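Peer 1: one predicted model, sequence on top.
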Amino acid sequence: MAAALRCLYAPYGRAMKTATDRAAETIEAAEIMFAEEMGATLDLSPAAKMALIVKIAAAIEAAVTEEKQKLT
């Protein structure tokens, strides 16, 4: 519970993270978790796991860019 409260209230002198910052961190964590799980399932090497993370990130960025273009 205390950790959750620390996330909500930034220490004095530090700026709080924006919703976009938190979303980006969450997406990055999900990419890594997915790659780790898939890597373990498929018995991928560390280099192959990193390549998977890069491909996932590129796919997400492409999807975000596409959605932004639809909104403009």
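Peer 2: Here it is on my side, so go on.
Peer 1: when you work out contacts or count neighbours from here on, use the C-alpha atoms and nothing else.
Peer 2: Fine.
Peer 1: quickly find the element holding the closest residue to Leu44 other than its chain neighbours.
Peer 2: Closest residue to Leu44 apart from its sequence neighbours, by C-alpha to C-alpha, 6 or more residues apart in numbering: Met38 at 7.9 Å. Taking DSSP states H and E as the definition, Met38 sits inside helix 19-42.
Peer 1: what helices or strands is that helix leaning on?
Peer 2: Packing contacts for helix 19-42, counted by 3 or more C-alpha pairs under 8 Å, 6 or more residues apart in numbering; DSSP states H and E, involve helix 46-71.
Peer 1: got the angle for the helix it packs on vs helix 19-42?
Peer 2: 140 degrees (axes from the mean of the first three to the mean of the last three C-alpha atoms, to 10 degrees).
Peer 1: what is the neighbour count of the residue nearest to Glu36 when sequence neighbours are not counted?
Peer 2: With sequence-adjacent residues excluded and distances taken as C-alpha to C-alpha, 6+ apart, Glu36 is closest to Lys49, at 6.8 Å. Neighbour count of Lys49, defined by other C-alpha atoms under 10 Å: 21.
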